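Asker: what follows is a predicted structure for the sequence shown.
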Amino acid sequence: MTSQLELSFDPSGLFKKVTQAHAEADVIFLSSKTLNFKVSKGNLEAYKVNATSRIGIRVIHNERVGIAYSESFDTQSLSLMVDQALENAAISKKDSHQILPNKSILFKGESPSAWYQPEVASESELLEQLKALESQVLSHKYVKSCPHNGLTTSQTGCRIWSSHGLDVQSLTSTSSAFIYALAEANGHNSMEGGRSCGRTFADLDLNKLAQEVQTEAIQLLDGAPVTTGTYDVILSADCLAQLFQVFSMIFSGKSALDGLNPWRNRLAQSVAFSELTIIDKPSLPSLGQAVFDSEGVACQDTVIVQEGILKTLLHNTATAQELNINTTGNGSRSTKSPLSVEPHQLCLARGMTTVSSLQAGQYLEITSLTGTHSGANSVSCDFSFGAAGYLCRNGVRQQPVRGITLAANFYELLHKIAIGDDHRWDSDQQFLAPSVRLQGVCVAGS
C-alpha cells in the first residue's frame, strides 16, 4: 500500500439539490485501505487487501433530520442519496436542537502530517515478520499452536463538508499485530493473546509481544480459582481500558438527556474518589489523537472529573444546544449513523500513591477479562466478568488464577480506588492511565 488515499470529491452538486429543497446539510466522506496477513504453522493462511469509500449526508429541513449514505459515487446514486435523506427528514420527529455548527467553533487548521506515515516495509517483509512472530511464540515446548494471529496496516481518511462552507479532512495510518498462544501440559491448557499497535510497522515491538503472550499462556496453565470472597484488584492497562470502554456511556451528555446515564444529575457533585481526575485528551500524541470531531467542530481537552467532582459531560452540538451550553467537540457519527457522543482519548491523571505502596499486601492482578459486554449493565453500571490473572502479595505473583468471576458496580468502584503515580498506555494506544487498585471487588471462585 504505497499510494496515499484520495479524499478529493466535489459536493457542490449535493448541496445545490439540498438548497433547492430549502434545507441545509453536511456530508461525511470516509475512505480506507487495509492490508491484512494471517499465518498458520509458518504458512500464509490469509491475505486480504480491502479498499472502501463511502459517503453519508445529514439533511436538516424544517427542524427535522434525515440521514442517508451511498457506497457508489455515480451521479444517479448520489442524487438518490439526497432524495432519501430528504424523505427521511420529512417523516422524522422534530429536533430543533440538531443544527449545523456555528462557524466560530469549526476547525480551521490542518491535521498533523505526522498522523500519516507511509509504510516502508514491503508486503513480503511484513509477512516474514508475522511468520517470525508465530515461530517465536511456538518456540516453547508447551505452546502447541497459535490459533489466531494477524498483522494489519491501514490508512483511514475522513473529510467533512457542509452547506455553510466547512471543509476539513484528516488522514491517518496505523499498523497492528496480534497473536494468541494455546499452551498444553499435564492435561491442562490455556490460551492467552496480546497485540501491539503504532503508526507504522516500525513502531511495533513484536519481540515484546511474543514474550508476553508466550509467558502468560504458560504461566496460566496451572491456574485455578481462588476462594470465593472479597479481594482488592489491580487491572492490567488493557483490562482497565476495557472496563472504561464498557461504561463510556457514563461520560455522555446524550445518554444523560436520554435518561440512561447515572451521572445525569450529578454535575458539580462528587462522583469518585477525591484523587481521581478523568480527562478526554485528544491533543495527546497517540493513536486516538484528533483535531476535529464528526461535525467538523474543533476538538479540545475536556476535564470530565476533577479530583472526584463531575465538571462536565461530553457533548456534541445538539446535546449542548438542548442544555444551552458549549459543545465539547465530541460529536460522533459514521456515514450511516445518527449523531452521537464519544470520547476521543481518555486519560486518568496520575495519583499520589507509589506503585510499590499500591502493591502492598494481598491482591489479584487481572490480566484478562471475558464477557465484558454481555456481563455489563451500562445503565446500572453493575458488571460480572470472567477473569484470569494472579494472586499476588507485595508485588510478587504467588499463584496463577483462572476460572473466577469479578462482580461489582463501576460507579461505586470509582469511590473505592487507590491511584498510582505511574502512567501506562493500553495496547491500542488510546487510553492512558496510572495503575489503580480497586478495593473490595466480589470474586466468585472455588
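Answerer: Received it, and whenever you're ready, just let me know what you need.
Asker: point out where the chain drops to low pLDDT.
Answerer: Residues of the chain meeting the criterion pLDDT under 70: 1-4.
Asker: try 80 this time
Answerer: Within the chain, the segments meeting pLDDT under 80 span 1-4, 6.
Asker: could you list the domains of it?
Answerer: 12-219, 222-244+351-444 (automatic domain parsing).
Asker: could you look up the next helix or strand downstream of whatever helix or strand Glu128 lives in?
Answerer: Under the criterion of DSSP states H and E, Glu128 resides in helix 123-137. Using DSSP H and E, the helix or strand that follows helix 123-137 in sequence is strand 143-145.
Asker: could you check which helix or strand contains the nearest residue to Gln169 once chain neighbours are set aside?
Answerer: Counting by Cβ to Cβ, 6 or more residues apart in numbering, the nearest residue to Gln169 once its immediate chain neighbours are dropped is Arg159, at 3.9 Å. The way it works is simple: take the backbone N, C-alpha and C, and place the C-beta from them, glycine included. Using DSSP H and E, Arg159 sits in strand 149-162.
Asker: neighbouring strands for that strand, and are they parallel or not?
Answerer: Strand 149-162 has its sheet partners listed here by DSSP bridges as strand 24-40 (antiparallel), strand 167-185 (antiparallel).
Asker: would a markdown table of those strands with mean neighbour count and distance to Phe273 be doable?
Answerer: Formatted as a markdown table, these follow (neighbours: other Cβ atoms under 10 Å; distance: least, Cβ to Cβ, whole Å):
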| stretch | mean neighbour count | distance to Phe273 |
| --- | --- | --- |
| strand 24-40 | 20 | 39 |
| strand 167-185 | 20 | 33 |
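Asker: of all the ones you listed, which lies closest to Ser334?
Answerer: Among the strands paired with strand 149-162, the nearest to Ser334 by Cβ to Cβ is strand 24-40 (7.0 Å).
Asker: give the buried residues for the next helix or strand after that closest one.
Answerer: Sequence-wise, the next helix or strand downstream of strand 24-40 (DSSP H and E) is strand 43-61. Of the residues in strand 43-61, 53-61 count as buried by neighbour count, 16 or more other Cβ atoms under 10 Å.
Asker: minimum distance to Ser340: which of the domains of the chain has it?
Answerer: Closest approach to Ser340 among these (Cβ to Cβ): domain 12-219, 11.6 Å.
Asker: the host helix or strand of Asp238 - contacts with which helices or strands?
Answerer: Assigned by DSSP H and E, Asp238 belongs to helix 237-246. Here helix 237-246 is seen to pack against strand 362-370, strand 431-433 when contacts are counted using 3 or more Cβ pairs under 8 Å, 6 or more residues apart in numbering; DSSP states H and E.
Asker: in CSV, list the strands paired with strand 149-162 along with distance to Glu412.
Answerer: Formatted as CSV, these follow (distance: least, Cβ to Cβ, whole Å):
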stretch, distance to Glu412
strand 24-40, 38
strand 167-185, 33
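Asker: one step back: and the residue nearest to Gln169, bridged to which residues?
Answerer: Using DSSP bridges, the beta-bridge partners of Arg159 come out as Phe29, Gln169.
Asker: of all the strands paired with strand 149-162, which one is nearest Gly386?
Answerer: The nearest among the strands paired with strand 149-162, by Cβ to Cβ, is strand 167-185 at 16.2 Å.
Asker: need the next SSE after that closest one, C-terminal direction.
Answerer: Next helix or strand after strand 167-185 toward the C-terminus (DSSP H and E): strand 188-198.
Asker: and the helix ranked longest in the chain with strand 24-40, angle?
Answerer: The single longest helix within the chain, with elements called by DSSP state H, is helix 75-91. Following axes from the mean of the first three to the mean of the last three Cα atoms, to 10 degrees, one obtains 120 degrees for the angle between helix 75-91 and strand 24-40.
Asker: which elements pack onto helix 75-91?
Answerer: Using 3+ Cβ pairs under 8 Å, 6+ apart, helix 75-91 sits against helix 12-20, strand 43-61, strand 64-70.
Asker: ok, now which ones touch Ala51?
Answerer: The contact partners of Ala51, by Cβ atoms under 8 Å, 6 or more residues apart in numbering, come to 31-34.
Asker: tell me which two in the residues you listed are the farthest apart.
Answerer: Using Cβ to Cβ, the two most remote members of the contacts of Ala51 are Ser31 and Thr34, lying 11.1 Å apart.
Asker: ok, which of the helices and strands packed on helix 75-91 comes nearest Ala185?
Answerer: Among the helices and strands packed on helix 75-91, the nearest to Ala185 by Cβ to Cβ is strand 43-61 (25.5 Å).
Asker: list the pairing partners of the closest one within its sheet, with orientation.
Answerer: Strand pairing (DSSP bridges) places strand 43-61 next to strand 24-40 (antiparallel), strand 64-70 (antiparallel).
Asker: how far out from the middle of the chain is it?
Answerer: How far strand 43-61 lies from its chain's middle: 18 Å, per Cα atoms, centre = their mean, to the nearest Å.
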